[in-house]
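Asker: A structural model of the following input is requested.
(2 chains)
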Protein chains: 2
Amino acid sequence: MADRQNHLEVSVRRIRDALETNRTKDSVGMFLDLHPGDQVEVFELLDAKEQELLLGGLDTTAIAALFSRQEDAVTLEAAEGMELERLADVLQEMEPDEAADLIGDLSPEQASEVLGQMEDLDDVLPLLGYPDETAGGRMTTSFIAMRRHTTSQQAIDFLRKVSPDNEVPYYIFVVDREKRLSGVVGLRELVVSLPEIRMEDIMNPDVLRVTAGTDQEEVAQLMTRYDLSALPVVDNDNELIGVITHDDILDVVAEEATEDIYRLASVGDSGLEPESPVREHLRGRLPWLYLNTLTALLAAWVISNFEEMIAQVAALAVFQSVVAGLGGNASSQTIALIVRALALGKVSPEKVWRVLAREFLVGLLQGTAVGVIAGIGVYLWRGNVYLGLVLGLALVANMVVAGFVGTIIPLGLKALNKDPAIASPVLVTAATDSFGFLIFLSLASYFVSKLQ
Amino acid sequence: MADRQNHLEVSVRRIRDALETNRTKDSVGMFLDLHPGDQVEVFELLDAKEQELLLGGLDTTAIAALFSRQEDAVTLEAAEGMELERLADVLQEMEPDEAADLIGDLSPEQASEVLGQMEDLDDVLPLLGYPDETAGGRMTTSFIAMRRHTTSQQAIDFLRKVSPDNEVPYYIFVVDREKRLSGVVGLRELVVSLPEIRMEDIMNPDVLRVTAGTDQEEVAQLMTRYDLSALPVVDNDNELIGVITHDDILDVVAEEATEDIYRLASVGDSGLEPESPVREHLRGRLPWLYLNTLTALLAAWVISNFEEMIAQVAALAVFQSVVAGLGGNASSQTIALIVRALALGKVSPEKVWRVLAREFLVGLLQGTAVGVIAGIGVYLWRGNVYLGLVLGLALVANMVVAGFVGTIIPLGLKALNKDPAIASPVLVTAATDSFGFLIFLSLASYFVSKLQ
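Answerer: Below is the predicted model of the structure:
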């Protein structure tokens, strides 16, 4: 891996040198000699100006291949800088699903202008209507379909003719006269079959399918569970309209994971990266901090009701945050377990009570384990057994609350068809903070005479 | 999806009824009529006793298929309850990589006993030596390799003979006399080639490969970046020893994401699920809570140095947690961005300074944005402009610290070859808590005469 990194850096330097000294042809030659996957990385390492120069020297096929492979954001930036006519040619050469994604990312004006320039819109146009995160938005329309009575030899002859960089090269989908999906034939079966045998005789008729509106997370769950490398997409009449391939699903799984990780950490924009522009950081992060400010002030208000007591026993100010903080830690454990189980389709409604009971018990046990140690520690430090007792009891109570709200809030959001990852941490932390201060300071007020 | 859920529940009920009334054959029949992916779900919904009864009625091929598809933990539990001889037969029928995984999960005694019972160990034995999370641990030894001079017709004849449920059905790997990997032929090329053409004439010689020790996360990055559906694994002499397929990589991507999500939430065991036994919850979660207790007490010690002042100005106890809490939120945003970028291979060492500068700036801007609002809010609430000022300034300072430590700690752990997800949250929260209290209370002590 380190070797590869080195190799890439050397390539970038050479291509950059060639571009700076106006040897565009040389730079293009070096670029095309790279492995397609490496081209993507090298392109990203060039600055905008260099990228533009390089694109100027590449032919539309090479640009189409590059655009299909790299991150959407990098492609978009490069595409926005291109002449419309040239961009139209590139889009024409891209896979329809990739082209549709890129067109969808352009501004409405640019999109309609570039569509006007394209010669053949048959493959791309139907894809533009589907939201990005659905089966329709993920599928390609570039697949191989044959009729039921097609013979093996006819199929092989057809494969010889069609372009070899088809996106779904290992399956032939079998359709009837109305283009309705009847079955699937793997190339493996085709290659070992007799020339005159018909598709309907070797096809597997038991083929899973989804409709275009199916959510991409559900598609990913199906393809993972059933080990599918391609999943056909049909319309309401069961007509085959597209296919989702395993590499699209890898992207989905990674994207959904990023989304969950970000949302659990109060980052609202799943496209954000460390090097994104500062204004994008602020747009994706600041609103959540404002929301957290509100819940923090709510927790502060809880404390303010005990100010007089704190003025008498300032030690309470020292330990109140221990209760709130550990409740927050325990609840984030619970939320992570529940959110992940929901994302992987592992919690069904009938199991809710069992899960809730388990988290309740775990909260009680963990609270006791931590409460005893922390209580004894504080007693030894401060020499007041009641302070240790108040802290220990408050920890037990707050961890039970943490397990409880950490379970029901994400499950409740899911039941309301909301994303459990997005609001759970804020709501649950609000609960464990406020309740943590409340229980600790309430217990303290009960024992206040012993604490002074 | 709801329909499917219903269908599964009906199946479970029927199979359960048949088992309870000793109609094992009926239950087995119903089970086998299910789609293989559904069998997995139905099996999981049965209790241990029912699972055992059902397994007793299935033949070893059906059990092997079931074991290969379902979660490792479920398989392990079922396997541990089986007779050794029967388990050996099942393992013999499983794909070698799946069989090796299961044997690796058994207790050492059970593993060696069952290995003693198996007839053919050639495929499985070499796989047992590789750690689970490496290319060697993920690869299958069941792939198709042919020599360079093999003709297309010979290849097709061979495919007719070998078992059709080979795990890598769409590629033929081409090797030389010493079994060294020379290239790859897609079935697509094979099917459209003339009968007498040789593998070496149609193969793609430029085939990416990894060694058996390569980490699975790197494998996943390569396969995603290069859109590979199969990646060959070679030994140090470039001899082909296995192949990793796309469905294995889907599992890797999902597992690595789970691991990161859990670690960021202080859950140490990436195999934990909401319904795992309570003792596993405690084992995976409690140690992290103890560590958090330590850092919380450290932060408490910081506060304890200001107890006298707090006794005079109890309002400080009300607002100190706002500073620490929002610093924690901001730092978890930064950690999530950095950890995810590292996992997806998007942060290279040369970019560290740029990333650090950006997070510094974002921290400053977010701190100012939140500090101004919170400061004004507190001024309006409490009527003391200095209290608002102290809170606002402390928020700015703590968010800058949050951005700074949230960046350098995960990057530093990565540079030390540690997992950045595992320790970052604890260390960073320790910093934002302690520093948050310190800066807020220090500023307060500077303005103390104005706060009373």
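Asker: okay, CA-based contacts and neighbour counts for the rest of this
Answerer: Noted.
Asker: ok, the nearest residue in space to A:Ser332 that is not next to it in sequence - how many residues close by?
Answerer: Residue nearest to A:Ser332 in three dimensions, not counting chain neighbours: B:Ala265, with 5.4 Å by C-alpha to C-alpha, 6 or more residues apart in numbering or on different chains. When counting by other C-alpha atoms under 10 Å in any protein chain shown, one arrives at 28 neighbours for B:Ala265.
Asker: And the pLDDT for B:Ala265?
Answerer: On pLDDT, B:Ala265 comes in at 90.
Asker: check contacts around it.
Answerer: B:Ala265 sits next to A:Asn329, A:Ser332, A:Gln333, A:Ala336, B:Pro425 when contact means C-alpha atoms under 8 Å, 6 or more residues apart in numbering or on different chains.
Asker: most surrounded residue in these?
Answerer: Most surrounded of those: other C-alpha under 10 Å gives A:Ala336, at 30 neighbours.
Asker: Quick one: residues contacting that one.
Answerer: Here A:Ala336 is in contact with A:Leu264, B:Ile261, B:Tyr262, B:Ala265 (C-alpha under 8 Å, 6+ apart).
Asker: check whether the helix or strand where the second one lies contacts chain A.
Answerer: When secondary structure is defined using DSSP states H and E, the element that contains B:Ile261 is helix B:246-264. Yes: using C-alpha under 8 Å from any C-alpha of the partner chain as the criterion, contacts between helix B:246-264 and chain A involve B:His246, B:Asp247, B:Leu250, B:Asp251, B:Val253, B:Ala254, B:Ala257, B:Thr258, B:Asp260, B:Ile261, B:Tyr262.
Asker: buried sites along that helix?
Answerer: B:246-254, B:256-264 (16 or more other C-alpha atoms under 10 Å in any protein chain shown).
Asker: Run the angle between whichever helix or strand comes after that helix and helix B:246-264 for me.
Answerer: Downstream of helix B:246-264, the first helix or strand assigned by DSSP H and E is helix B:278-304. Orientation check (axes from the mean of the first three to the mean of the last three C-alpha atoms, to 10 degrees): helix B:278-304 against helix B:246-264 gives 40 degrees.
Asker: Just confirm A:Ala330 contacts A:Ala402, I think it does.
Answerer: Yes: counting by C-alpha atoms under 8 Å, A:Ala330 touches A:Ala402, with 6.1 Å between them.
Asker: got a list of what the closest residue to chain B within the stretch 251-400 of chain A touches?
Answerer: Across the stretch 251-400 of chain A, no residue is closer to chain B than A:Ala311, which sits at 4.4 Å (C-alpha to the nearest C-alpha). Contacts for A:Ala311 (C-alpha under 8 Å, 6+ apart) come out as B:Ile310, B:Ala311, B:Gln312, B:Val313, B:Ala314.
Asker: Surely the first one is in contact with A:Leu316?
Answerer: No: with contact taken as C-alpha under 8 Å, B:Ile310 and A:Leu316 are classed as non-touching, separated by 10.0 Å.
Asker: hey, what's in contact with both of those two?
Answerer: With C-alpha under 8 Å, 6+ apart, B:Ile310 and A:Leu316 have common neighbours A:Ile310.
Asker: of these two, who's got more company?
Answerer: Per other C-alpha under 10 Å, whichever of B:Ile310 and A:Leu316 has more neighbours is B:Ile310, with 28 against 25.
Asker: Correct me if wrong, but the more buried one is in a strand.
Answerer: No: read with DSSP: H, G, I helix; E, B strand; the rest coil, B:Ile310 is helix and lies in no strand.
Asker: Could you pull up the contacting residues of it?
Answerer: Counting by C-alpha under 8 Å, 6+ apart, B:Ile310 touches A:Ile310, A:Ala311, A:Ala314, A:Ala317, B:Leu316, B:Ala317.
Asker: do A:Glu93 as well
Answerer: A:Thr60, A:Thr61, A:Ala64.
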